[in-house]
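# How does the following fold in three dimensions:
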Amino acid sequence: VAAAAGSAGGKRPQSPRREGGGTRKKKRKARASGKPVTTRHLTKCFGWANTGEVHRQHDSHELNRVLLDKVFEEVKGTPVESKIRSLLLGKTDEYLRCLDVDCERSREEDFYDISLPVPADRGTTLDEALASYQTEEVLSDPWRPNERLGPQRAAKGSRFIKFPPLLFIHLARFTFDPRTMTRRKVNSRFEFPESMDARRHLHSGGGGGGTSLYDLQAVVVHSGGAGGGHYVAFVRLAAAGAARRCWARFDDARVRWATA
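The predicted structure is shown next:
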């Protein structure tokens, strides 16, 4: 699972009054001492203090959805609601069109992350995966758009019309194998750049289009199989004395600078 952020960046939404000076002091003290910061304050903010949610196992994609749902619940009706949504909200155009006559139906759909399938038989790149996501699918059955046109050959597809400033990309590596009736993990190579211009993936009829230039900010890596495993995160941070930001590896309570 990879996360890429645009120039606007992004912080976890948090009302100033929810995190008092004591919490900030504890975080500064923990950073200064080199000890890991407790997650109790974070889980309390998400309403998990006295629930079983904190002990429930999620994959990183599910967990991110749970956290975002809680963020939207907390900011609903507040002055920052529109700002949070504009930071995370992208749009696609879901369409159905006739192949032989000029007729198309479409609707806009919101997204907060993009789930990209990973090919099982070959390696691929982020650029190729985004292009493949928008590949049309020809319908096996005719589509009847109206009585005048009657049944028509048709295709359906999805087009990106707006990317958000903070873009989450999920790699769908877990699939169901109908031959063995089991889930399996796809370990094919997936390449992605540290910087990306996404303009070529925006539909020309999408209007403003939002953000298109991105710098990679974090990558979540899963090790193991479909039945379980372990996550580590690589996050690009500012390092003291460094001319550019460096990558740090977060493995539970262990945090260290990452090497190439």
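# for the closest residue to residue 103 other than its chain neighbours, what are its contacts?
Take residue 103 and drop its neighbours on the chain: the residue closest to it by C-beta to C-beta, 6 or more residues apart in numbering is residue 145, 4.9 Å away. (Each C-beta comes from the backbone N, C-alpha and C, glycine too.) Counting by C-beta atoms under 8 Å, 6 or more residues apart in numbering, residue 145 touches 98, 103, 105, 152, 154.
# the helices in this protein, which residues?
Assigned by DSSP state H, the chain shows helices spanning 21-33, 40-45, 60-75, 81-88, 126-133.
# Just put those in JSON lines and tack on mean pLDDT.
Conversion of those to JSON lines gives the following (pLDDT from 0 to 100):
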{"stretch": "helix 21-33", "mean pLDDT": "49"}
{"stretch": "helix 40-45", "mean pLDDT": "76"}
{"stretch": "helix 60-75", "mean pLDDT": "85"}
{"stretch": "helix 81-88", "mean pLDDT": "91"}
{"stretch": "helix 126-133", "mean pLDDT": "95"}
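# Redo those helices as JSON lines? Include mean neighbour count.
Listed next are these as JSON lines, based on neighbours: other C-beta atoms under 10 Å:
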{"stretch": "helix 21-33", "mean neighbour count": "11"}
{"stretch": "helix 40-45", "mean neighbour count": "16"}
{"stretch": "helix 60-75", "mean neighbour count": "16"}
{"stretch": "helix 81-88", "mean neighbour count": "16"}
{"stretch": "helix 126-133", "mean neighbour count": "16"}
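# of the ones you listed, which approaches residue 162 most closely?
helix 81-88 (10.2 Å; C-beta to C-beta).
# Report the angle between that closest one and helix 60-75.
Helix 81-88 runs at 160 degrees relative to helix 60-75, counting by axes from the mean of the first three to the mean of the last three C-alpha atoms, to 10 degrees.
# Which other helices and strands does helix 81-88 contact?
Helix 81-88 sits against helix 60-75, strand 166-172, with contacts defined as 3 or more C-beta pairs under 8 Å, 6 or more residues apart in numbering; DSSP states H and E.
# export it as PDB, just CAs?
The C-alpha trace of helix 81-88 is given here as PDB (Å, rounded to 0.1, in the frame of the first residue of the first chain):
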ATOM      1  CA  GLU A  81     -15.400  19.800   7.400                       C
ATOM      2  CA  SER A  82     -15.200  21.200   3.900                       C
ATOM      3  CA  LYS A  83     -11.400  21.700   4.200                       C
ATOM      4  CA  ILE A  84     -10.900  18.100   5.300                       C
ATOM      5  CA  ARG A  85     -13.000  16.800   2.400                       C
ATOM      6  CA  SER A  86     -11.300  19.000  -0.100                       C
ATOM      7  CA  LEU A  87      -7.900  17.600   1.100                       C
ATOM      8  CA  LEU A  88      -8.900  14.000   0.700                       C
END
